[in-house]
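# With the sequence up front, the predicted model follows.
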Amino acid sequence: MSYGKCIPDLKINGEPAPYPVLNERAIRATAGLMFMVGLSTFWYVFLTKDFTVVWWVVSIFWLEFFLKTVFQPSWSLFGILGRFLVRKQRPEYVGAIQKRFAWGLGLLMASAMIVVISFGIRGIAPFIICLTCLLFMWLESACGICVGSKIYGFMLRKGWLKSAEFRPACPGGACSIKKQN
């Protein structure tokens, strides 16, 4: 089973796209929904010092990132709503591989927060993890900048990750890498 969806004869920015793709509009809508939930939770906890809601939200976010990373974005809870919100818009396709990498980073942050919450750790560490995750979701939803995709592109350029046969398209060319001859 491949990750993403291969669309026969798809072209992105005039270039053939024979690799699996995802709908960037749905991804951004989903990131916006998650950002709203995350920011609301952050402010609720900050103002009330009631940390009980954090366990639920972090658990839901962990499940969201797990489903997106291990299975498909179509399995994700927020993703279903995000796709529904943009269902009447023309899809904007991007490569699936870098989005999977980005959601893997989200899963890593959510996993770190599960550990933090389980051990009752308070202070700067959970604060920084939460703000970083919120910043990444805001950049994705509001600016169309996927930090995880940029990190993926950087790691490819440095040779830290194996290069794919095809260089997948990123929104606005933000993380695309020119194939070297």
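That came through fine. It should be emphasised that the depicted structure is a prediction, and the values quoted were computed from it without experimental measurement.

# which ones are touching the most centrally placed residue in the chain?
Residue closest to the average C-alpha location in the chain (C-alpha atoms, centre = their mean): W103, at 4.1 Å. By C-beta atoms under 8 Å, 6 or more residues apart in numbering, the contact set of W103 is F65, K68, T69, P73, G148. To be clear about C-beta, it is placed using only N, CA and C from the backbone, and glycine gets the same treatment.

# try 10 Å
With contacts defined as C-beta atoms under 10 Å, 6 or more residues apart in numbering, W103 is in contact with 27, 64-70, 73, 76, 110, 146, 148.

# Please apply the same query to W75.
By C-beta under 10 Å, 6+ apart, the contact list for W75 reads L63, E64, F66, L67, K68.

# before we move on, what about K162?
L156.

# ok but it is inside a helix, no?
No: assignment of K162 by DSSP: H, G, I helix; E, B strand; the rest coil gives coil, placing it outside any helix.

# Next one: I121, what pLDDT does it get?
pLDDT recorded at I121 is 90.

# So, low pLDDT: which residues of this structure?
Applying pLDDT under 70 to the chain flags residues 1, 172, 174-181.

# what ranges do the helices span in it?
24-48, 52-66, 77-85, 96-118, 124-138, 147-157 (DSSP state H).
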